[in-house]
Every structure is written in structure tokens, then in C-alpha cells.
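J.: sharing a sequence plus its predicted fold:
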Amino acid sequence: MKNLKKAVAITLIGAMLLPLAGCGKKIEPVRARDFEAAIEEVFDDDEYMSYDGSVFVSDDDFVIGYMKFEDEDDALDKWEDFVDDFEDMLDHKKFDGRHVFVNRDTYGYILLNGENSDRNFAEGKGYYYGGIYFTEDVLIVVITTDDRDASRQDVNTILNALGYPKP
């Protein structure tokens, strides 16, 4: 009887942990030209700027950028700044919506779908749909601040091309 209880307990623990195994999908680093190809599925080549290993979209409804750092420690420092601001925003209940937060040793991401009322997070307030992604020496931001379905679909198109998780 004692062994049966142990076997049942182990089986139940395993069953509870199984769904968590899929959480935190590992993301792979992308190169600047692959990022450019992904955003060109949505934007024309005159709607983004590329210089010094970085790529940025200039559009009022989107915050989209690819930042390649000198080394992994610099990228990690910037990622940790985002994480601190994100955790502060949640602690102060300044985000209303869904989010996913994954923070591993070599990669991480924050997925958002909701209203942000904290000016300290991602330099603004309002509706956010998209994500912030960190891997190796690269930090990527793909967010729309427009709550229309078409803008969310544009974000999803870019994230699909990158193979990154969507909110």
C-alpha cells in the first residue's frame, strides 16, 4: 500500500509538471539581415533604418528594433533593465492584460497583450501587443501600440518569420 501511494504521488507530480515542459520555448538568435527580411514582410525598406548592427522601424504605431551589442554582457545588462522595469510594473499593478515572462541563463522574453500605465516600462504608456526578446548578444523588440487586429497581425507576421513566440 505504501509503495502504491508513492507510485501514485510520483505519477501525479509528473502529470502536473508535464504541461510546464512546453513553457519557455527556447528562442534562437537571429542575424540583422534575417530580422530585416522578417520586417520586410510587413514594412517597406524605406520604413526602417539599419546602421551599426541595429535595425529600427520608424512608425507611430510600432516599437520595433533589433540591437546587437558588443558582447553578451552588454545585451544581458540591457535585458536585466527591461526585466527590472517589467517586474516593477507588475508589482505596482500598472499592467492590465496577459503576459508571459521567461528568463533563462542564455535567453529570455516578455510577451505582452494589454494596457501599460507605467512610463518607466519600454518608455511609454498605453496598449502593448508583442514582445521583448533576449538571446546571446541580441535584444529584439516587436510591439504595436495600436489595438487594431491588423496591427496585431503585423506583429504576429514578424514573430512567425523569426520563429519567436507570440503573445
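T.: Structure's in. What do you need? Numbering: from 1, shown residues only.
J.: what about this structure, any weak spots by pLDDT?
T.: Along the chain, the model assigns pLDDT under 70 to residues 1-24, 123.
J.: strands along that one, start to end?
T.: According to DSSP state E, the chain carries its strands in the segments 48-51, 54-57, 62-68, 95-103, 107-116, 126-135, 138-144.
J.: now for the fourth one, which elements pack on it?
T.: Put plainly, it is strand 95-103. The helices and strands touching strand 95-103, judged by 3 or more CB pairs under 8 Å, 6 or more residues apart in numbering; DSSP states H and E, are helix 72-91, strand 107-116. C-beta: built from backbone N, CA, C; applies to glycine.
J.: packing partners for the longest one?
T.: Taking 3+ CB pairs under 8 Å, 6+ apart as the contact definition, the neighbouring helices and strands of helix 72-91 are strand 95-103, strand 107-116, strand 126-135, strand 138-144.
J.: wait, which of these is closest to E36?
T.: Each of those has some distance to E36 by CB to CB; the shortest is strand 138-144, at 12.0 Å.
J.: I would like the residues contacting the closest one, please.
T.: With contacts defined as CB atoms under 8 Å, 6 or more residues apart in numbering, strand 138-144 is touched by 29-30, 35, 61-69, 75, 78-79, 82, 112, 122, 127-134, 151-152, 154-155, 158-159, 162, 164.
J.: given it, what are its sheet partners and their directions?
T.: Using DSSP bridges, strand 138-144 pairs in its sheet with strand 62-68 (antiparallel), strand 126-135 (antiparallel).
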